[in-house]
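Asks: One predicted model, sequence on top.
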Amino acid sequence: MKLKNLLASAAIMAVSVYATASSAADEAAAKFREDFLSGQLSWSDVEARAKTEGEVNWFHWGGSEKLNAWIERNVVPALAAKGITLKTTRIAGTRDAVDLVLADKQSGKGVGEGSVDAIWLNGDNFYTLVQQDALFGSFADKVPNAENFFFDPADPASQLNLSDFGTPTEAREMPWSGEQYTCYIDTNRLSKSEAPRDFEGLEAWVKENPGRFTYVKPPHYIGNTFVQTALYAFGGGYEPFQKSITEFTPEEFAKLVEPGFNYLRRIEPYLLGGEKAIYPQNQAANQALYNNGEVDMACEFGLYFVSNQIESGAFSETTETLAFPESGMIKNKNFLAIPSNAPNPAAAIVFANVMAEVDLQISKLKEIGYPLGVDMAKLSEDDQARAVAAAPKHHGVTDAELAALAVADTNASLVKVIETIWGDYIERKVEMPFLQIVKGAMEKAAK
Amino acid sequence: MRRLSLTGKLLLSFILLMIVGPFIPLGISSVAFRWGWPDLLPSIWWWEKRDQVYTPLAWDYILDPVSRIIPAMGNTLLIAGAVTLISLALAIPAARVLGRQAFKGKSVMELFFASPLIVPEIATGIGIYLIFTQTGLQGTLIAIILSHLVPVLPYLIRVLTGIYSEMDESLLDQATLLGAGPLQRFIHVEFPLILPGVMAAALFAILISTNIFLLTFYMGQGQVETLATILFSKLSGGGSLDPVSAGLTLIVALPGILFLMFTHRLIREEVFAGGTSRG
C-alpha cells in the first residue's frame, strides 16, 4: 500500500515538473514570438536565439534527387555557419506536413512545442493553415533579406508575393521559388509549326490527331491548373478569377465558367483513350505517357522543366517548351511558411532569411533550375547579370515570350469549387443542369 | 543428382525466369541515363554522364549520404530484427500448445490468431495509431515494431504450429526419462528440433517486416525512414521507373535475399525437403 502511494505521488510530481518545464519553454517561445512580430527584437537577438535553439526542422517534398542534393550541399552548410543544424523531412505530399502541424495543434501544442519549423508550400496548403490559424505570423517582411522582395501593396509588382492563389499572404510565408505552367512537345513527333498555340488550336489539333493529348486529372493541382487555364481562355482572362467565391452568386459563377467547361467536355472524346478518356493521376504518370510516345504534348508547372528533364536524361533532346496558350500561362510563387507551433521559431526565421539570400537563390537557379523566388528588379545590377547568366537554357521558347504570357493564379477559394464541378460535369457526367452542379459545388465548398 | 527430363528442364528454366526475370529490367534501368521508348536498351548509360551533371546519378545518388539510404537500411534491419525476436518469443509458446495439444475451442483460437490476415491492415493501423497517440508512442521505432507484430505473428504461428505437430514427442519423453528438467529439455532437445522451422519463420518475419509500408508510415508519422517508406515516396509520384527507384528496388530486395543465402541450406534440407519426404 505504501509503495503504491509512493508511486502515485512520484507520478504526480513527474507530471507537474514536466508541465511547468514545458509551459516555461512555451512562455519563452511565446514571448519571442510577440517581441519579434511587434518589431522589438534586433536581428542579432533573433540570430542569438536561433543559435541556442540549434536546429530547424524543414518539411519539403522530397521527390527530386536534384533538390535533395542541392539542399545538402548548399543550405546545410549555410545554416551550419549560423550555428543551426538543418533537419529535413522529405515528404511525398505537402499535405502530410500540414496534417502534422494541425494534429500537433489539436493536441494543444503551441509555439515552441510542435514538430514542424518550416514547410515548403503554396496555394491550398497555405490556405488550410490560414483557415486553421496555424501560422507563426507576419515574419517575411521583418527579416534582412526582405529587401529582395516587393512587399508594398501599392506596387503591382508585389502581387506574386502578397497573394498566394488569391489568399493574402500578409508576409506569413517567405517567397522561395517561382513557377509557370508550361506545355511541352516532342518535335520529333509534333513539329513546332503544327503545335497548338491556343485552346481553339488545341481542339482542332486533337480532332485531327485523336488520343495524342491528355491532362492530369483534377483535383491534382497540375490538373486543376490546366482546367483553370482553359476557364481563363473562355471566361475573360484571369481577372474575374481573382475574387473569392463569396463574391459570386451561383448564377454569376456558372456563367463565368460554363464556356470553359463546355470546351473541356467537347475535347474529351479526342483525348487519350477516346470515349473512356484517360486522365493521368499526377505529373509523373503524365511524363511517362509522353516519354512512351502515347501523347505528343503534355503540360505541367515548370519554367525550366524541359531543360531539367533533358539534363537528367528523363526526356529526349528533341523536347521543347511550348508557349501555350496565348490566352495566358498561370504563374505563381511557392513559399516557406512557419507554423504557429514551430519548436524552433527563431531558427525557422533565420532559415527563411538564408533561403532568400541572393547567392543561394542564384545557385538554386543555376544548379537545379528552380526559378528565382526573389524579385529580379530588387537586385543590384551585378546580381541581375549573374542571375541571367545562371538561368538554364530554354528549349524552343524565350524568357520574354514566357514572361509576356504570364498571368496570376486562381483564387484558392475558387479552386475547390472548380475541381468539384470538373468531377461532376466532366468525370461523372452528372445528369443535371450546369447551374445545379455549380450550386452543389458551391454549397459543398461553403461547408 | 537425378537428370531432369526435357519438360522438367523447361519447367525449371521457366520458374527461374519468373524469379530472375523482373530483376533484369530493374538492373538495366538502375544503370541507365536515358531509356525511353522505343529503345530496347538505354540510349545513354549512367557512366557516360556521371561526370557531366551536378546531381549524383543512379548508384552515385543511392550510395551518397544525401539519399539517406544507409540509415534507412539500418532502421529497416533494426525493426526487422526486433520484430523477428519478439514475434518468435510470442509465437513459439502459442505454436507449442496449438501444435501438440487438443483442447476445447482450439479452432476458435486458431482462427483468432489468423485474424490479422483477414482484417485489412489499414483498419488495424488506424486503431493502433489512435492508441499510440494517446500513449505518446507515435513517431517512435517502438511503435513501428509493435505494429509490425500484427501482420507478422499469424504467419509465424502457422509455420511453427506445423513444425510442432510433426515433432516426435518421444524424443522429449526420452530426455525427461534421462532426468532433464523442463528448461534443459527445451534448450537441448526441443529447440534444436524446431530450429529449422524457427529459421523459416524468421525468414517470413524479416520479409514481411521489411516490406510493410502503411503501418511503418502511420506509426512513424512519416518521419522514421525505412527502405519501404523511401521507395514508396519515390514511386508514389507514379509513372516512370527512374534509375534511382530501380536501384532502390534492388536494395529493398536485399535483406530477404541475404537471409535466405545464410540459412537456405538449413531450411531447404530440414523443413521443405524433409517436410515433403515425410509427408
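Replies: Arrived safely.

Asks: Could you use CA atoms for every contact and neighbour count after this?
Replies: Fine.

Asks: The one helix or strand B:Leu85 maps to close to chain A?
Replies: Taking DSSP states H and E as the definition, one finds B:Leu85 inside helix B:69-100. No: shown here: helix B:69-100 not in contact with chain A (CA under 8 Å from any CA of the partner chain), separated by at least 12.5 Å.

Asks: Tell me how far the helix or strand following that helix lies from the chain's centre.
Replies: Per DSSP H and E, the first helix or strand lying C-terminal to helix B:69-100 is helix B:106-118. The gap between the average C-alpha position of helix B:106-118 and the chain average comes to 21 Å, counting by CA atoms, centre = their mean, to the nearest Å.

Asks: With just CA atoms, put helix B:106-118 into CSV.
Replies: Extracted in CSV, the C-alpha atoms of helix B:106-118 (Å, rounded to 0.1, in the frame of the first residue of the first chain):
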residue,chain,number,x,y,z
LYS,B,106,-8.8,-24.8,-30.3
SER,B,107,-10.1,-24.0,-33.8
VAL,B,108,-11.6,-20.7,-32.5
MET,B,109,-8.2,-19.9,-31.1
GLU,B,110,-6.5,-20.7,-34.4
LEU,B,111,-9.0,-18.5,-36.2
PHE,B,112,-8.3,-15.7,-33.7
PHE,B,113,-4.5,-16.0,-34.3
ALA,B,114,-5.1,-15.9,-38.1
SER,B,115,-7.5,-12.9,-37.9
PRO,B,116,-4.9,-10.2,-38.8
LEU,B,117,-4.7,-11.9,-42.2
ILE,B,118,-8.4,-11.3,-42.7
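
Asks: In terms of secondary structure, what does it contact?
Replies: Judged by 3 or more CA pairs under 8 Å, 6 or more residues apart in numbering or on different chains; DSSP states H and E, helix B:106-118 is in contact with helix B:141-166.

Asks: buried sites along the helix or strand following the helix it packs on?
Replies: Going down the chain from helix B:141-166, the next helix or strand is helix B:169-177, by DSSP H and E. For helix B:169-177, the neighbour count (16 or more other CA atoms under 10 Å in any protein chain shown) marks B:172, B:175 as buried.

Asks: for stretch A:434-447, same thing?
Replies: Applying 16+ other CA under 10 Å to stretch A:434-447 flags A:434-435, A:437-442, A:445 as buried.

Asks: Just the mean pLDDT for the helix holding B:Leu85, thanks.
Replies: The predicted model gives helix B:69-100 an average pLDDT of 94.

Asks: what about A:Ala171, how many neighbours?
Replies: Each residue near A:Ala171 was counted by other CA atoms under 10 Å in any protein chain shown, and the total is 19.

Asks: how about it, secondary structure?
Replies: Put simply, A:Ala171 is coil when judged by DSSP: H, G, I helix; E, B strand; the rest coil.

Asks: so what's the spatially most central residue of chain A closest to, chain neighbours aside?
Replies: When CA atoms, centre = their mean is applied to chain A, the residue found nearest the centroid is A:Asn122 (3.3 Å). Spatial nearest neighbour of A:Asn122, chain neighbours left out: A:Asn334 (5.0 Å); criterion: CA to CA, 6 or more residues apart in numbering or on different chains.

Asks: same question, A:Leu162
Replies: Here the residue nearest A:Leu162, using CA to CA, 6+ apart, is A:Thr169, at 5.1 Å.

Asks: swap in B:Val159?
Replies: Of all residues not flanking B:Val159 in the chain, B:Ala201 sits nearest, at 6.2 Å (CA to CA, 6+ apart).

Asks: mind putting the buried residues of stretch A:434-447 in TSV, distance to chain B included?
Replies: Compiled in TSV, these are given as follows (distance: CA to the nearest CA, whole Å):
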residue	distance to chain B
A:Phe434	33
A:Leu435	35
A:Ile437	31
A:Val438	31
A:Lys439	33
A:Gly440	31
A:Ala441	28
A:Met442	30
A:Ala445	27
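
Asks: just to revisit the earlier point, what's the burial count for the residue nearest to A:Leu162?
Replies: A:Thr169: 24 surrounding residues under other CA under 10 Å.

Asks: now swap in B:Pro25 and tell me
Replies: Counted by other CA under 10 Å, the residues lying close to B:Pro25 total 12.

Asks: which SS state does it fall under?
Replies: Three-state assignment for B:Pro25 (three-state DSSP): helix.

Asks: From chain A, how far off is it?
Replies: Distance of B:Pro25 to chain A, given as CA to the nearest CA, to the nearest Å: 16 Å.

Asks: for B:Leu235, same thing?
Replies: Relative to chain A, B:Leu235 is positioned 9 Å away (CA to the nearest CA).

Asks: For that residue, give its distance to B:Val244.
Replies: B:Leu235 sits 10 Å away from B:Val244, taking CA to CA, to the nearest Å as the criterion.

Asks: The two: which has the busier surroundings?
Replies: Shown here are B:Leu235 and B:Val244; by other CA under 10 Å, B:Val244 has more neighbours (23 against 19).

Asks: mind listing what the more buried one touches?
Replies: B:30, B:57-59, B:61-62 (CA atoms under 8 Å, 6 or more residues apart in numbering or on different chains).

Asks: Which ones among those also lie next to chain A?
Replies: Contacts with chain A within the contacts of B:Val244, as defined by CA under 8 Å from any CA: B:Tyr61.

Asks: In JSON lines: the contacts of B:Val244, plus pLDDT, neighbour count and secondary structure.
Replies: Shown next, in JSON lines, are the contacts of B:Val244 (pLDDT from 0 to 100; neighbours: other CA atoms under 10 Å in any protein chain shown; DSSP: H, G, I helix; E, B strand; the rest coil):
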{"residue": "B:Ser30", "pLDDT": "92", "neighbour count": "24", "secondary structure": "helix"}
{"residue": "B:Leu57", "pLDDT": "83", "neighbour count": "25", "secondary structure": "coil"}
{"residue": "B:Ala58", "pLDDT": "85", "neighbour count": "24", "secondary structure": "helix"}
{"residue": "B:Trp59", "pLDDT": "90", "neighbour count": "18", "secondary structure": "helix"}
{"residue": "B:Tyr61", "pLDDT": "89", "neighbour count": "20", "secondary structure": "helix"}
{"residue": "B:Ile62", "pLDDT": "89", "neighbour count": "21", "secondary structure": "helix"}
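
Asks: What strand or helix carries the residue in the stretch 251-400 of chain A that chain B sits nearest to?
Replies: Nearest residue of the stretch 251-400 of chain A to chain B, counting by CA to the nearest CA: A:Ala285, 3.9 Å away. Using DSSP H and E, A:Ala285 maps to helix A:283-291.
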